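1. Fold the following, please.
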Amino acid sequence: MNRHPIQLITVSREFGAGGSQFAGDLGVQLGWPVLDHDIVHRIAASVRMDDETVEHFDEHPPSLLARIANLLVIPQPELYEFPPPQGLPSHDQIAHAATRVIQQAGAAPPLIVVGHGSQCIFAGRPDTLHVFLYGPFEARVRRIVGRLQVDPARAPAQVRQADVERPAYVQRYFHTDWHNDALYDLQFNMAKLTVEDAVTMVARLVRERMPAADVKAHGSGPGGVHAG
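-> Purely as a prediction, here's the structure:
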């Protein structure tokens, strides 16, 4: 049985399942840094682009039309979109930059990483725990409306789009099925649990794996885990 101390946690999530809140709260609980929204800024710095431009491409695979455009030899502008104009990044460029940023960050644990195929980037690393959060479609729509203030009329389409794009991203860049259970150590149905429940369980597991000296250093104060 693998009893390595857990130094790194990857958080994969369906849109609206609470992945960012889970990662942020877990980071507070453990006192660990979280690589989530800040990854856009790090990618932008690495490719010398502004954050807004990078965000447009981040964690999105190229569309089918864009992929066809890169394969066709004879231009047919009425059939597809041309590759990005010079000076703009491509989806592939941003995805590869994201992987480099995550690998660099993972070299200095502890760390919690959200999305971007991190469950594949660190697959097989013995000190890593891979977590997946999911939930029913309707519950996830309600969550993004209530928590992210998304227009209720547009929320279902945004969730459906993310449900297509996130698996496609992992398939394109890591040649892996995002839904493969073997990628994950823990999976949480967020229709049955609160974010607090999931954070408590993962934090307890991490602390159980900590060397005794580290547990003593962390103590059982606000960052600790209590069995209640």
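
2. counting contacts, what elements does the longest helix along the chain pack onto?
-> Ranked by residue count and defined by DSSP state H, the top helix of the chain is helix 155-174. Packing partners of helix 155-174 (3 or more CB pairs under 8 Å, 6 or more residues apart in numbering; DSSP states H and E): helix 91-106, helix 118-121, helix 137-147. The way it works is simple: take the backbone N, C-alpha and C, and place the C-beta from them, glycine included.

3. Buried residues of it, list them for me.
-> By neighbour count on 16 or more other CB atoms under 10 Å, the buried set for helix 155-174 is 155-156, 158-159, 162-163, 166-170, 172-174.

4. same deal with stretch 194-212?
-> Residues 195, 198, 199, 200, 202, 203, 206, 207, 209, 210 are the ones in stretch 194-212 that count as buried (16+ other CB under 10 Å).

5. Compute the number of surrounding residues for the nearest residue to the last one once chain neighbours are set aside.
-> Closest residue to residue 210 in three dimensions, ignoring its sequence neighbours and counting by CB to CB, 6 or more residues apart in numbering: residue 5, at 5.9 Å. A count of neighbours around residue 5, defined by other CB atoms under 10 Å, yields 14.

6. Helix, strand or coil: sort out residue 5 for me.
-> The local conformation at residue 5, judged by DSSP: H, G, I helix; E, B strand; the rest coil, is coil.

7. my guess is it meets residue 208, correct?
-> No - the criterion here is CB atoms under 8 Å, and residue 5 misses it with residue 208 at 9.7 Å.

8. What sits closest to the residue sitting nearest the centre point of the chain if chain neighbours are left out?
-> Per CA atoms, centre = their mean, the C-alpha nearest to the average position across the chain is that of residue 115, at 1.2 Å. For residue 115, ignoring the flanking residues on the chain, the nearest one in space by CB to CB, 6+ apart is residue 59 at 5.9 Å.

9. got it, and residue 26?
-> Among residues not flanking residue 26 along the chain, residue 199 sits closest, at 4.9 Å (CB to CB, 6+ apart).

10. Quick one: residues contacting that neighbour.
-> Residue 199 is in contact with 22, 25, 26, 29, counting by CB atoms under 8 Å, 6 or more residues apart in numbering.

11. and the next element down the chain from the strand or helix carrying the first one?
-> If you go by DSSP states H and E, residue 22 is part of helix 19-30. Using DSSP H and E, the helix or strand that directly follows helix 19-30 along the chain is strand 34-35.
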